[in-house]
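Enquirer: sequence first, then the predicted structure, then my questions.
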Amino acid sequence: MNADNPNFSAAGRHDWTRDEVQALFDLPFNDLLFEAHGVHRKHFAPNQVQVSTLCSIKTGACPEDCAYCPQSVRYDTGLEKEDLLAVEEVVAQARAAKERGATRFCMGAAYRSPKQKQLQVICEMVREVKALGMETCATLGMLNADHATQLRDAGLDYYNHNLDTSPEYYGEIITTRTYQDRLDTLEQVRNAGMKVCCGGIIGMGEAAADRVGLLLALANLRVHPESVPINQLVQVPGTPLFGSETLDPLDFVRTIAVTRILMPQSHVRLSAGRSEMSDETQALAFFAGANSIFYGERLLTTDNPDLDHDQHLFAKLGIDAEPAADSEDLADSPTPGATDRAGADVRS
Ligand code: SF4
């Protein structure tokens, strides 16, 4: 196998089989990284990483029961709840993120699904953040067609909605919405013409076969998500998954590498869990094809590496922040030099 093999470089494959994905996971580590890095180089500048900032615009009191999430109302995690923030506050945070070099601003709200009144406020946030010249992303729970249309009309570029894990393991993690509910929301986002940010979480006690199942589900979507966050579980005391077996960092890197091969043109994001990863693990993950991070010391509710540390790591690795996507407005952004970084929360 090599990166010139159409199976491993074509953007358009959506018919991966379980055996093929399993075979990638089973490759010797060096062979897998070689393949993944070859695919990565073919589609992306190898020393650039896209930088986003995540802002929790409404925190906690979520009725869903996602077993990893400190924002669920069902678990006592000591999380401080916060109502929907005012538009001005969110715009001020976006402006500060832009000054620090972020090109995309992601707004996360702990809802099962947004209500119309809430959506109107969020659409106003989207319009104002967009007017700053940033790309916009939101994660607000399940959407129907009308929600998706309103967000698109407000100028939302990306919608995040994760599959979380394999269809087979899903019932162990969430019971209050189905896998199909998630696929339906992704379909609404696509139908409205927005870009999709969709990935999952590993280290939740799943079997290796469930990592295969997750990536198979993502890679066989009718259009690959433009952004694929691969989260490592952040174990929060009080959540059911606290105390899960710790993930082997090499298994994390393997998952990144297979993601890169399966979805060659997607940005693969190192998301939640980065503050618990060594520099060496992150460097290997970048080599394996990760090319997006969140920067900022806080994700939605969990810690992220501090800016200085991220700047230092980028400088050591010779990595620069990817310029914002083709928008004249964005060309006015400060050059986000080899200094910006972050990680992300698990949200869905
Ligand atoms: S992951 Fe999202 S939907 Fe699930 S409990 Fe947390 S905030 Fe609610």
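Expert: Done, it's in. A quick note: this is a predicted structure, and the numbers were derived from the prediction, not measured. Numbering: from 1, shown residues only.

Enquirer: could you tell me the end-to-end distance of stretch 49-67?
Expert: One end of stretch 49-67 sits 30 Å from the other (Cα to Cα, to the nearest Å).

Enquirer: from here on, count from 501
Expert: Okay, residue one is now 501; in that scheme the one you just asked about reads as stretch 549-567.

Enquirer: now that stretch: buried residues?
Expert: With burial defined by 16 or more other Cβ atoms under 10 Å, the residues of stretch 549-567 counted as buried are 549-560, 562, 564-567. Placement of C-beta: from N, CA and C, glycine included.

Enquirer: next, the contact list for the spatially most central residue of the chain, please.
Expert: Centroid check for the chain by Cα atoms, centre = their mean gives Pro729 as the closest residue, at 2.9 Å. Counting by Cβ atoms under 8 Å, 6 or more residues apart in numbering, Pro729 touches Asn660, Asn662, Cys697, Cys698, Gly699, Gly700, Arg769, Ser771, Ala772, Ser792, Ala844.

Enquirer: in strands, which of those appear?
Expert: Asn660, Cys697, Gly700, Arg769, Ser792 (DSSP state E).

Enquirer: if we can go back for a sec, where does confidence bottom out across the contacts of Pro729?
Expert: pLDDT across the contacts of Pro729 is lowest for Ala844, at 31.

Enquirer: one step back: and the residue nearest to the centre of the chain, which of the three is it?
Expert: Assigned by DSSP: H, G, I helix; E, B strand; the rest coil, the conformation of Pro729 is strand.

Enquirer: that one pairs with what?
Expert: Listed by DSSP bridges, the beta-bridge partners for Pro729 are Arg769.

Enquirer: count the residues that sit near the closest residue to Ala708 other than its chain neighbours.
Expert: Excluding its sequence neighbours, the residue lying closest to Ala708 (Cβ to Cβ, 6 or more residues apart in numbering) is Phe525, at 6.8 Å. Counted with other Cβ atoms under 10 Å, residues neighbouring Phe525 total 17.

Enquirer: sec struct for the residue lying closest to Ala638 once chain neighbours are set aside, please.
Expert: Nearest residue to Ala638, sequence neighbours excluded (Cβ to Cβ, 6+ apart): Met607, at 4.8 Å. Classification of Met607 using three-state DSSP returns strand.

Enquirer: then the one 4 residues further on?
Expert: Per three-state DSSP, the local secondary structure of Tyr611 is coil.

Enquirer: OK, contacts around it?
Expert: Lys558, Cys562, Gln618, Leu640, Gly641.

Enquirer: and the one helix or strand Arg754 maps to, what other elements does it pack with?
Expert: Assigned by DSSP states H and E, Arg754 belongs to helix 749-762. For helix 749-762, the elements it packs on are helix 518-526, helix 529-543, strand 700-702, helix 708-719, strand 727-732, strand 767-770, helix 779-788, judged by 3 or more Cβ pairs under 8 Å, 6 or more residues apart in numbering; DSSP states H and E.

Enquirer: out of these, which is closest to Leu817?
Expert: helix 779-788 (5.8 Å; Cβ to Cβ).

Enquirer: now do the buried residues in the closest one.
Expert: Thr781, Gln782, Ala783, Leu784, Ala785, Phe786, Phe787, Ala788.

Enquirer: repeat for stretch 686-698
Expert: Leu686, Glu687, Gln688, Val689, Arg690, Ala692, Met694, Lys695, Val696, Cys697, Cys698.
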